[in-house]
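**Student:** Provided below for reference: sequence and predicted model.
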Protein chains: 2
Amino acid sequence: MTNKGQILRLLNYKNLLKHLQTLGFKKVFSDNISDTLEISSSLVRKDFGNFGITGNRKGGYDIDSILAKIDEILGKDEIQKVIVVGTGRIGQALMNYQGFIKEGIQIVAGFDNDFSKVSEGEDIPILHLDKLPEFVKEKNIKIAIMCVPQLVAKHTLDMLANSGVGGVLNFTPIKFQSSNEVTVNNINIVHELENLIYIVNKQKTT
Amino acid sequence: MTNKGQILRLLNYKNLLKHLQTLGFKKVFSDNISDTLEISSSLVRKDFGNFGITGNRKGGYDIDSILAKIDEILGKDEIQKVIVVGTGRIGQALMNYQGFIKEGIQIVAGFDNDFSKVSEGEDIPILHLDKLPEFVKEKNIKIAIMCVPQLVAKHTLDMLANSGVGGVLNFTPIKFQSSNEVTVNNINIVHELENLIYIVNKQKTT
DNA sequence: TAGATTGTTAATCGATTAACAATC
DNA sequence: TAGATTGTTAATCGATTAACAATC
């Protein structure tokens, strides 16, 4: 019932509706949403239907109710603890990214193989990789962001899976498949950029 | 003819084939590729067909030829100059990311609104945002990575489009639509993480 | 009521896969 | 030749959209 893009779409609905809320709107029609997000109003209504969000014929949907329902669907009742593995530039940038906390995501620690990076006293401590399995088990960590060098990516992923992490957001250039133990979502920044370059160059020649 | 995921798939083929090349392989069958990448061999052959990559019945495909062809398709003959707009933690991490250059992508400058960030003498200079339009025109920049705060994202995108940039890789949380002037590819890290959290939490309860 | 919007079913669309003839 | 793989067409699949009855 839930297809791949549906949750990402739900998050877009959420962003838009929160914006409308700050503008003082109470009600919204599927048409309003479809105009802004450039998808059909049918899809908006279908998504809402799939997730049990109901409206009033003629009256549209109540923004507060949708937002409450979306948060319920996403399980926003408790803070999600996330670790960052690999504290190079990108890892550190993500550790300190300010956009997570208001979505209920808390980066609780970084991990690195390099002892000189270790700094246990900080707000968000950086611990040595050796301590990862114990930390994950003790704190019941389910989600990790992986920003390690390509060469150790496979090994790191295995370590995460063996420690009980269930989901990994993978920023390394290696594309991993999800397994029974661990769901991997791959973000390949170089590929995204190359794809964009391709599109732009094609446009130029058309 | 070229559909949305096709170029990203081509980049995955490239990665795999380069790996096979280092292992000493000369030939590859569509079956080999499909096994590793978890797509059907039909799709591999169809992609190759669409891009004019031909093989030999029985003999498979020649790895060197495919790689040459892929680079040709991607337009890898000249270095792509890219700028980074917004030099916060993520912007700076991307400016210094080592993975770009071997794919022919060169970050030529960063831009920031904050004068204290400006440092023109560096390897990759950070210039003030005011100098962006002139820089883009002079150096004929077509691609920008945008990592500015949400509040100035819209304004920055407009500035980029007006300056002649044709493609923007957008890391801000605001989802922009592509227009006639500028193609925008959005990467929303928070949404990717929330999506992953959703998947992992659902698995747990199933 | 008349008009407008939801909820839902059927139609469409596009991407992927299966199947198989051609052929090396 | 016999066997295996490409190249390509037809079938399938899933997601999105169109359409419209129900109804506020």
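**Tutor:** Ah, there it is. Numbers count the residues shown, from 1 in each chain, chains lettered A, B, ... in the order given.
**Student:** so which strand or helix has the one residue sitting closest to the centre of chain A?
**Tutor:** When CA atoms, centre = their mean is applied to chain A, the residue found nearest the centroid is A:Leu169 (7.8 Å). Element membership of A:Leu169, judged by DSSP states H and E, is strand A:167-170.
**Student:** could I have that strand exported to PDB, CA atoms only?
**Tutor:** Once side chains and other backbone atoms are set aside, the C-alpha atoms of strand A:167-170 remain, and they are given as PDB (Å, rounded to 0.1, in the frame of the first residue of the first chain):
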ATOM      1  CA  GLY A 167      18.900   1.800   8.700                       C
ATOM      2  CA  VAL A 168      21.900   3.500   7.100                       C
ATOM      3  CA  LEU A 169      21.900   6.700   5.100                       C
ATOM      4  CA  ASN A 170      24.900   6.100   3.000                       C
END
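**Student:** Need the contact partners of the helix or strand just after it.
**Tutor:** Towards the C-terminus, the helix or strand next in line after strand A:167-170, according to DSSP H and E, is strand A:183-186. Residues outside strand A:183-186 that contact it (CB atoms under 8 Å, 6 or more residues apart in numbering or on different chains): A:157, A:166-170, A:175-178, B:192, B:195-196, B:199-200, B:203. Where C-beta positions appear, they are placed from N, C-alpha and C, glycine not excepted.
**Student:** which among those gets closest to DNA strand C?
**Tutor:** Nearest to DNA strand C out of the contacts of strand A:183-186 is A:Gln177 (CB to the nearest atom of the strand; 13.0 Å).
**Student:** Distance of the closest residue to A:Ser178 other than its chain neighbours relative to A:Gly104?
**Tutor:** What sits nearest to A:Ser178 in space, not counting adjacent residues and going by CB to CB, 6 or more residues apart in numbering or on different chains, is A:Val184, at 5.0 Å. When distances are taken as CB to CB, to the nearest Å, A:Val184 and A:Gly104 turn out to be 22 Å apart.
**Student:** repeat for A:Gly110
**Tutor:** Summarising the geometry, the distance separating A:Gly110 from A:Gly104, computed by CB to CB, is 19 Å.
**Student:** for chain A, longest strand please?
**Tutor:** strand A:105-112 (DSSP state E).
**Student:** mind listing the strands for chain A?
**Tutor:** Using DSSP E, strands in chain A cover A:27-28, A:61-62, A:80-85, A:105-112, A:126-128, A:143-146, A:167-170, A:183-186.
**Student:** want to try JSON lines for those strands, with distance to A:Ser42 and mean pLDDT as columns?
**Tutor:** Written out in JSON lines, the entries for the strands of chain A read as follows (distance: least, CB to CB, whole Å; pLDDT from 0 to 100):
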{"stretch": "strand A:27-28", "distance to A:Ser42": "16", "mean pLDDT": "96"}
{"stretch": "strand A:61-62", "distance to A:Ser42": "14", "mean pLDDT": "98"}
{"stretch": "strand A:80-85", "distance to A:Ser42": "32", "mean pLDDT": "98"}
{"stretch": "strand A:105-112", "distance to A:Ser42": "32", "mean pLDDT": "98"}
{"stretch": "strand A:126-128", "distance to A:Ser42": "48", "mean pLDDT": "98"}
{"stretch": "strand A:143-146", "distance to A:Ser42": "33", "mean pLDDT": "98"}
{"stretch": "strand A:167-170", "distance to A:Ser42": "31", "mean pLDDT": "98"}
{"stretch": "strand A:183-186", "distance to A:Ser42": "28", "mean pLDDT": "97"}
